[in-house]
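Colleague: sharing a model prediction with you, sequence too.
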Amino acid sequence: MMNFQAEVMRSEGFAVNPNRPEDVKYEVAKELGVPLTRGYNGQLPAESAGRVGGRIGGSMVKELVRLAQGNLTKRQ
């Protein structure tokens, strides 16, 4: 799943290290101005964390829907 996430975010224009695909969340946070750091982020408001996760998850859902629609089209 992390590799899929990395591919989707790469297609969105983010720099993704293929050896550490989970690091894309820090790239997204940086772009959004969210002070996400490695380790404990308990001081980070849920709204800020949600902006990062929402950007990543939303992009992944869009890609999954696109793939599913393509598969349905092929079956018809």
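Modeller: Looks like it arrived, so ask away. Computed from a predicted model, the values in this text were never measured in an experiment.
Colleague: in this structure, which residue is most central in space?
Modeller: I56 (2.5 Å; CA atoms, centre = their mean).
Colleague: in the helix or strand hosting A68, what's buried?
Modeller: Taking DSSP states H and E as the criterion, A68 maps to helix 46-75. By 16 or more other CB atoms under 10 Å, the buried positions in helix 46-75 come out as 48, 51-52, 55-56, 59-60, 63. Glycine gets a C-beta too; all of them are placed from N, C-alpha and C.
Colleague: packing partners of it?
Modeller: Here helix 46-75 touches helix 2-11, helix 24-32, going by 3 or more CB pairs under 8 Å, 6 or more residues apart in numbering; DSSP states H and E.
Colleague: for Q69, which of these is the nearest?
Modeller: Taking CB to CB as the criterion, helix 2-11 is the member of the helices and strands packed on helix 46-75 that comes nearest to Q69, at 15.6 Å.
Colleague: and the angle from the closest one to helix 24-32?
Modeller: Between helix 2-11 and helix 24-32, the angle comes out at 30 degrees (axes from the mean of the first three to the mean of the last three CA atoms, to 10 degrees).
Colleague: just checking, what packs against helix 2-11?
Modeller: If you count contacts as 3+ CB pairs under 8 Å, 6+ apart, helix 2-11 packs onto helix 24-32, helix 46-75.
Colleague: go with 6 Å
Modeller: Helix 2-11 sits against helix 46-75, with contacts defined as 3 or more CB pairs under 6 Å, 6 or more residues apart in numbering; DSSP states H and E.
Colleague: the helix it packs on to helix 2-11, inter-axis angle?
Modeller: Inter-element angle recorded for helix 46-75 and helix 2-11: 90 degrees (by the same axes, to 10 degrees).
Colleague: just to revisit the earlier point, most widely separated two among the buried residues of helix 46-75?
Modeller: Maximum pairwise distance among these (CB to CB): 23.9 Å, between S48 and E63.
Colleague: distance of F4 relative to V34?
Modeller: Distance, F4 to V34, by CB to CB, to the nearest Å: 22 Å.
Colleague: buried ones in the worst-scoring helix or strand of the chain on mean pLDDT, by neighbour count?
Modeller: Every helix and strand in the chain was compared by mean pLDDT, DSSP states H and E; the lowest is helix 2-11, with a mean of 87. For helix 2-11, burial by neighbour count (16+ other CB under 10 Å) applies to 5-9.
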